[in-house]
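Chemist: Pasting a predicted model and its sequence here:
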Amino acid sequence: MPKPAKKPVGAQPDNPQQLILDGVVVDNTWRLLPLGGEEEITANNLAAGKVILPLSIWLELREALQARKDEIGVWLDSDETADLIGDFAQELPLIATHFPAFTDGRAFTAGRLLRQRYGFNGELRAVGNFIRDQLTYLNRCGFNAFAYQGEQSLQGLLDSMQDFSDSYQAAVDQPLPIFRRRALV
Amino acid sequence: MYRYDEQDHKLIRERVAQFRGQTDRYLAGELSEEEFLPLRLQNGLYVQRLAPMLRIAVPYGMMHSAQLRRLAEITRKYDKGYAHFTTRQNVQLNWPNLEDVPDILAELAEVEMHAVQTSGNCIRNTTTDQFAGVAGDELVDPRPYCELIRQWSTFHPEFAFLPRKFKIAVCGAATDRAAIRAHDIGVQIVKNDRGETGFQVFVGGGLGRTPILGVAIRDFLPETHLLSYLEAIVRVYNQLGRRDNKFKARIKILVKALGPEEFARRVEAEWEQVKDGADELTAEAITWARSFFPKPAYRSFDHNHTEAVLRDQAGSEKAFARWLERNTFPHRVPGYQAVTLSTKPTGIPPGDVTDRQLEAIAELAEQYSFGEVRVTHEQNVVLADVEQEKLFELWQAARKHGFATPNIGTLTDMICCPGGDYCSLANAKSIPVAEAIQRKFDDLDYLYDLGELDLNISGCMNACGHHHIGHIGILGVDKKGEEFYQVQLGGSASENASLGKVLGPSFSREEMPETIGKIVDVFVEHRLPEELFIDTYNRIGLQPFKERVYAKAS
């Protein structure tokens, strides 16, 4: 069967040395493999250690890499939807979603669906060009890791998570919307 | 109307604090222009031709008198002493300083107001019928649903960075006074055979450079599922809407590209997954939302007596009779009438009011209408619950403050965007065109004879003045750096919605009053007795208008 034509490779996410994980600044222990590398990746030549693969490569190698599944994560580009991972999410330790531009809000939906529909319990990591002011919303959509590549301090990003003490709608962090909580009183 | 509880107050205060921090970081150079842009837009702040513009949310158009007074104070303290009512039932300030905006928002928050999501690529202020709760043709009061939509959409974490702006309108009456099919989602409240409340849902309407009327993707959505269905629609759009070209990013383009059936299929599939989830509108939640819109304490009247008094007053004062005919609207409760205060006297930009006028509206609302008003999408202000016995008195007071121009629904009650006088997007000015046309049609008797006639003006193809759905629509265009105006005929925002057709080559500003004059002449000549402009147009078509307007001078 012929392989589908490769899509053109756009901006790729960075993989900064430090990131925010569960509200603390920690060292990044994962490598992130961008799309469009020179060499073809196979299950045999993939270096040891924790690695985040592009979705297309992970889909090809998933079965061959079963033995290493605790150190294999996946990243979704913004035009790749959560259902492409689907229930496999439950066996993944890490999923990252890419922001090619911070104004591209598709990752918010991907995050919520991974958490709420596909039962993903691992590390949900935002990568790419998101900005500090999106952390509260990302957090509500189920993200617990932020591999921020901009110029602000990570401490500033942490502070921004305290911007809101409550929320109107249900999301990953809140099972009931405010109108239903109020109606219960 | 809806009143904040401690949670609302807290959330809005936290939002003000967040924006204050973002503004500080921007002014300190820590936040780039590009990053600040969507943040300020989602707090109502545009940077315009001459100054920033701040768009303040008026959820589904409702305000109370203390809010009007606060707005008046704010226009004096931070602006030039006037404000502008918009076609999304909101209020705009045209001259605030960027540095002052956090303070303005803090002052607004004290009276339960904000500027959240009045701009930007997110879910905007939900709009509805200005006669909600009082119209005789209303099936169900739409405001509790509007409020639930407001709460669901405010700071929605998943939908703050959509491909493009997203507008929702709800109509609860037989006559569509909210132009729902010109919205990304239009919600029509309906009842099924068993008398249960539900919604007909339209998607993919919108004006702008690709005007399209929304199509129904569901004829009866049970009441409990309103928010889950909206969430499903916006989720499909957020994933699939185009992001490569801002002019093709609205949901209408996606609906057209997939086809309404396929789009509906995807929405239904998504909805199946979420319909019994947290967004369910339980009976308790609906009762709770309704509790904010009780019937005011109406008095009972001898209806025959009040009608007789009104007839006498109208008989002895012709100006009052005109006003009564044009600027009041029947009320479902005997002895009451709804009144529209016109913001469209000749020579004032449509929708503009001064600080003193805002205070006067507050006072009139308190004296005559339980302290509440509604902003209309035609940019006027409604006092919804006026005792008929007090109409004469109210008319005199309204006249004193410049609100009694008896032109509601007529050609001079135009919808008009701020245009090139203020807006950096505009190709042409719109306010001077409106004024020139108002001056041409200053004979009130003639204006009444013409009957209902919607004339809408936009200064560019973004269509803030809704020119596509005016019976007569005017669009400002740029031709080699000069301002010209294209005329369209036959649009309608009613339940029989339609989009106007372009008449032909555009006109200079000087030619506009004369051109509108010729169009009206053709109407008058072809009109059957009492026929409305739109009906005449639909009967005779574009051609007779075209022939007259473009006739070579002989």
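Modeler: Thanks, I have it. Numbers count the residues shown, from 1 in each chain, chains lettered A, B, ... in the order given.
Chemist: which residues in the stretch 101-250 of chain B form strands?
Modeler: B:127-128, B:168-171, B:185-191, B:197-203, B:215-222 (DSSP state E, counting those that start in this stretch).
Chemist: and those, which is most packed in?
Modeler: Comparing those by mean neighbour count (mean count of other C-beta atoms under 10 Å in any protein chain shown), strand B:127-128 ranks first with a mean of 29. (Glycine included, C-beta is placed from N, CA and C.)
Chemist: which other helices and strands contact that strand?
Modeler: strand B:168-171 (3 or more C-beta pairs under 8 Å, 6 or more residues apart in numbering or on different chains; DSSP states H and E).
Chemist: Paired strands for the strand it packs on, with orientation please.
Modeler: Strand pairing for strand B:168-171, determined by DSSP bridges: strand B:127-128 (parallel), strand B:185-191 (parallel).
Chemist: got the ones you listed as JSON lines, with distance to B:V140 and mean pLDDT columns?
Modeler: As requested, these are exported to JSON lines (distance: least, C-beta to C-beta, whole Å; pLDDT from 0 to 100):
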{"stretch": "strand B:127-128", "distance to B:V140": "12", "mean pLDDT": "96"}
{"stretch": "strand B:185-191", "distance to B:V140": "5", "mean pLDDT": "98"}
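Chemist: is it possible to export those strands to JSON lines including distance to B:T154?
Modeler: Below are the strands paired with strand B:168-171 laid out as JSON lines (distance: least, C-beta to C-beta, whole Å):
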{"stretch": "strand B:127-128", "distance to B:T154": "15"}
{"stretch": "strand B:185-191", "distance to B:T154": "16"}
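Chemist: and B:N538, that one's in a helix?
Modeler: Yes: secondary structure of B:N538 (DSSP: H, G, I helix; E, B strand; the rest coil): part of a helix.
Chemist: Quick check, A:P34 in contact with A:Q12.
Modeler: Yes: assessed by C-beta atoms under 8 Å, A:P34 is found in contact with A:Q12 at 3.7 Å.
Chemist: Looking at these two now, which is surrounded by more residues?
Modeler: Using other C-beta atoms under 10 Å in any protein chain shown, the more surrounded residue of A:P34 and A:Q12 is A:Q12, with 19 against 15.
Chemist: you'd agree the more buried one is up against A:L35?
Modeler: Yes: under the criterion of C-beta under 8 Å, A:Q12 makes contact with A:L35 at 6.2 Å.
Chemist: which residues do the two both contact?
Modeler: Shared contacts of A:Q12 and A:L35 (C-beta atoms under 8 Å, 6 or more residues apart in numbering or on different chains): none.
Chemist: Reformat the strands of the stretch 101-250 of chain B as a markdown table; add distance to B:D24.
Modeler: Output for the strands of the stretch 101-250 of chain B, formatted as a markdown table (distance: least, C-beta to C-beta, whole Å):
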| stretch | distance to B:D24 |
| --- | --- |
| strand B:127-128 | 33 |
| strand B:168-171 | 33 |
| strand B:185-191 | 36 |
| strand B:197-203 | 40 |
| strand B:215-222 | 44 |
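Chemist: low-scoring stretches of the stretch 451-554 of chain B, by residue?
Modeler: B:553-554 (pLDDT under 70).
Chemist: Just the closest residue of it to chain A, please.
Modeler: In the stretch 451-554 of chain B, no residue comes nearer to chain A than B:N462, which is 18.9 Å away by C-beta to the nearest C-beta.
Chemist: Contacts only, for that residue.
Modeler: With contact set as C-beta under 8 Å, 6+ apart, B:N462 has these partners: B:L207, B:G208, B:R209, B:L425.
Chemist: helix, strand or coil for the most centrally placed residue in chain B?
Modeler: With distances taken as C-alpha atoms, centre = their mean, the residue of chain B nearest its centroid is B:H377 (2.4 Å). Three-state assignment for B:H377 (three-state DSSP): coil.
Chemist: was I right about it contacting B:A178?
Modeler: Yes: if you go by C-beta under 8 Å, B:H377 and B:A178 touch, sitting 6.9 Å apart.
Chemist: any shared contact partners between those two?
Modeler: With contacts taken as C-beta under 8 Å, 6+ apart, B:H377 and B:A178 have B:T127 as neighbours in common.
Chemist: Near chain B, which residues of chain A? Just list them.
Modeler: Residues of chain A lying close to chain B (C-beta under 8 Å from any C-beta of the partner chain) are A:81, A:102-106, A:108-109, A:112, A:117, A:131, A:133-134, A:136-141, A:152, A:163-171, A:175-180, A:182-184.
Chemist: Counting only helices, which of those make the cut?
Modeler: Per DSSP state H, helices hold the following members of the residues of chain A next to chain B: A:106, A:108-109, A:112, A:136-140, A:178-180, A:182-184.
Chemist: Give me the buried subset of the residues you listed.
Modeler: Neighbour-count burial (16 or more other C-beta atoms under 10 Å in any protein chain shown) applied to those gives A:106, A:108-109, A:112, A:136-140, A:178-180, A:182-183.
Chemist: Lowest-confidence entry in those?
Modeler: Within those, pLDDT reaches its minimum at A:A183, with 69.
Chemist: residue contacts, the residue of chain B found nearest chain A?
Modeler: Residue of chain B nearest chain A, by C-beta to the nearest C-beta: B:F161 (2.8 Å). B:F161 makes contact with A:F102, A:T103, A:D104, A:G105, A:F108, A:Q134, B:P38, B:N121, B:C122, according to C-beta under 8 Å, 6+ apart.
Chemist: go on, B:A338?
Modeler: By C-beta under 8 Å, 6+ apart, the contact set of B:A338 is B:F131, B:V134, B:T328, B:F329, B:P330, B:H331, B:V382, B:L383, B:A384, B:D385, B:V386.
Chemist: what do you get for B:E547?
Modeler: With contact set as C-beta under 8 Å, 6+ apart, B:E547 has no partners.
Chemist: The same query, at a cut-off of 10 Å, please.
Modeler: B:V522 (C-beta atoms under 10 Å, 6 or more residues apart in numbering or on different chains).
Chemist: which element is it on?
Modeler: Using DSSP states H and E, B:E547 maps to helix B:543-549.
Chemist: Skipping adjacent residues, who's closest to the residue nearest to the centre of chain B in space?
Modeler: Leaving aside its sequence neighbours, B:H377 sits nearest to B:T87 (C-beta to C-beta, 6 or more residues apart in numbering or on different chains; 5.1 Å).
Chemist: how close does the one you found sit to B:N94?
Modeler: Going from B:T87 to B:N94 by C-beta to C-beta, to the nearest Å gives 16 Å.
Chemist: Hmm, B:P38 and A:D133 touching each other?
Modeler: Yes: A:D133 is in contact with B:P38 according to C-beta atoms under 10 Å; the separation is 8.7 Å.
Chemist: Neighbour count: the two, which is higher?
Modeler: A:D133 (24 against 21).
Chemist: Give me the nearest residue to the more buried one, chain neighbours excluded.
Modeler: B:L39 (5.6 Å).
Chemist: Doesn't that neighbour lie inside a helix?
Modeler: Yes: with three-state DSSP as the criterion, B:L39 is part of a helix.
Chemist: tell me the phi and psi of B:T210?
Modeler: Main-chain torsions, B:T210, degrees, to the nearest 10: phi -120, psi 80.
Chemist: Would you confirm that it contacts B:F247?
Modeler: Yes: B:T210 is within contact range of B:F247, at 7.6 Å (criterion: C-beta under 10 Å).
Chemist: Show me what from the stretch 1-150 of chain B comes close to chain A.
Modeler: Within the stretch 1-150 of chain B, the positions adjacent to chain A are B:5-8, B:10-11, B:13-15, B:17-19, B:21-22, B:25, B:30-32, B:34-39, B:42, B:120-122, B:147-148, B:150 by C-beta under 10 Å from any C-beta of the partner chain.
Chemist: for chain B, which spans come out with low pLDDT?
Modeler: Using pLDDT under 70, chain B drops low at B:49-50, B:553-554.
Chemist: Show me the domain layout of it.
Modeler: Using automatic domain parsing, the domain parsing of chain B gives B:6-110, B:135-290, B:303-400, B:415-549.
Chemist: Thanks a lot, see you next time.
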